[in-house]
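[1] Provided below are the primary sequence and the corresponding predicted coordinates.
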Amino acid sequence: MSTRNQRKQDNSIKEKTSDELLEEIAVNKRKLKRSFVFAFVALIAVIALGIAWFMSNSKVTSTGTSVSAQDDRLFELASVGERQTVEASYLIDESKKNILSAGAERTYASYIENGTEVQKEQTYHVGTGSLAWYLDSQESILPGANGKLEFYIIPKKDDVKSVTVSFDINGYVYTNEKNADKRAVKSEDTILQNLIQGHILFFQQLDDVHGYQKWLKADEAFVIEAPKNSSFEKDVPYKVTIYWIWPQYFRNYVYTQKSTQGDLFTDAANQTYARINTFINSQRTVETRQNKLFYDESGTVQVKSDINKDMAQDTLDQCSNYYNKADEYIGTNAKCIYVGIKAN
């Protein structure tokens with residue numbers, strides 16, 4: 001530190017009362033403590049978790065013990081990029097065969113995005129049920145990570161006007177973890193599954209003006225409409241984008257400084273802000289095994305005050321503590337996280 005800056009700091013200290021100095025020290029300690037907690041949680045999660053995505057056209061028929069896609073299906077699903085290593089390596093059955101299909105490779109010269117044709121030749125991985133999701137790069141996930149999921153709807157008939165989509169997200173663990181033959185299976189831990197649903201969020205829209213918009217909850221269906229209320233064009237890929245984020249800090253759910261602090265929103269007037277704030281407050285006194293946002297070893301979560309952008313510091317501290325424990329629980333107990341899209 002320069003002599004000039006040191007003098008400024010010394011003068012500032014001399015001008016403060018004892019009570020003001022004690023308060024400043026207490027605030028700095030709280031900040032330091034929180035920063036260590038955040039760093040610790042992030043470290044656990046980045047070491048522990050892999051991620052994979054898959055898609056499925058859920059319009060199927062069942063005959064005996066077999067399930068197959070209907071021949072009169074209205075559309076196919078597709079993705080572009082590379083297959084996720086964690087999915088191809090560990091999401092396998094007992095005979096070591098991949099559970100998800102690689103799909104058929106097919107090339108199209110263009111696709112439709114937001115009603116506009118994009119001239120770009122791409123190789124698509126196309127299929128219906130149990131289709132592995134291809135992405136631009138290998139994905140990893142940890143608190144603070146975010147990205148987007150892109151997939152394509154390819155109509156097989158001329159009269160398709162809309163597609164209903166839902167998704168689920170689950171934590172997976174490894175069998176025979178110390179063995180070279182380990183594989184990923186869905187965890188039976190309901191605490192883990194609930195927390196994953198509350199900590200990894202999905203949205204239909206994202207922009208710098210409003211932040212994230214149109215929150216998509218797991219198992220909650222949403223409809224993709226054909227452009228301009230017309231029908232989708234047969235054998236033309238239509239691009240769909242879903243944005244995901246694992247908020248690094250609890251404050252990111254509540255405050256509106258997206259550009260500097262990584263918050264989800266830029267304005268509390270955002271309708272999605274109100275919906276998420278209602279969700280947060282619904283978790284204030286929910287027991288641990290059913291909570292989707294907070295975790296405490298005692299089995300109960302108790303936040304007495306309402307949670308909003310004007311909440312007191314002690315409320316923020318309490319919520320941050322519960323939230324960080326939940327992140328740690330996810331990072332400690334999950335080895336992979338799988339996200340599945342279902343469309344019909």
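    Great, that's in hand.
[2] pLDDT score for residue 240?
    On the pLDDT scale, residue 240 is placed at 92.
[3] Whichever helix or strand it is part of: which residues count as buried?
    Using DSSP states H and E, the element containing residue 240 is strand 238-245. Neighbour counts using 16 or more other CB atoms under 10 Å place 238, 240, 242-245 of strand 238-245 among the buried residues. (Each C-beta comes from the backbone N, C-alpha and C, glycine too.)
[4] Quick check: which helices or strands does it pack against?
    Secondary-structure packing of strand 238-245 (3 or more CB pairs under 8 Å, 6 or more residues apart in numbering; DSSP states H and E): strand 104-113, strand 146-155, strand 201-207, strand 211-216.
[5] want to throw these into JSON lines with mean pLDDT?
    JSON lines is the format used below for these (pLDDT from 0 to 100):
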{"stretch": "strand 104-113", "mean pLDDT": "95"}
{"stretch": "strand 146-155", "mean pLDDT": "90"}
{"stretch": "strand 201-207", "mean pLDDT": "94"}
{"stretch": "strand 211-216", "mean pLDDT": "95"}
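[6] Report the separation between the residue nearest to residue 224 when sequence neighbours are not counted and residue 235.
    Leaving aside its sequence neighbours, residue 224 sits nearest to residue 163 (CB to CB, 6 or more residues apart in numbering; 4.7 Å). Distance, residue 163 to residue 235, using CB to CB, to the nearest Å: 15 Å.
[7] In terms of neighbours, single out the busier of those two.
    Comparing residue 163 with residue 235 by neighbour count (other CB atoms under 10 Å), the higher total belongs to residue 163, at 21 against 13.
[8] quick revisit: just list the residues touching the residue nearest to residue 224, thanks.
    By CB atoms under 8 Å, 6 or more residues apart in numbering, residue 163 lies in contact with 74-75, 153, 223-224, 343-344.
[9] so what's residue 338 scoring on pLDDT?
    Residue 338 carries a pLDDT value of 86.
[10] is it fair to say it lies in a helix?
    No. Assignment of residue 338 by DSSP: H, G, I helix; E, B strand; the rest coil gives strand, placing it outside any helix.
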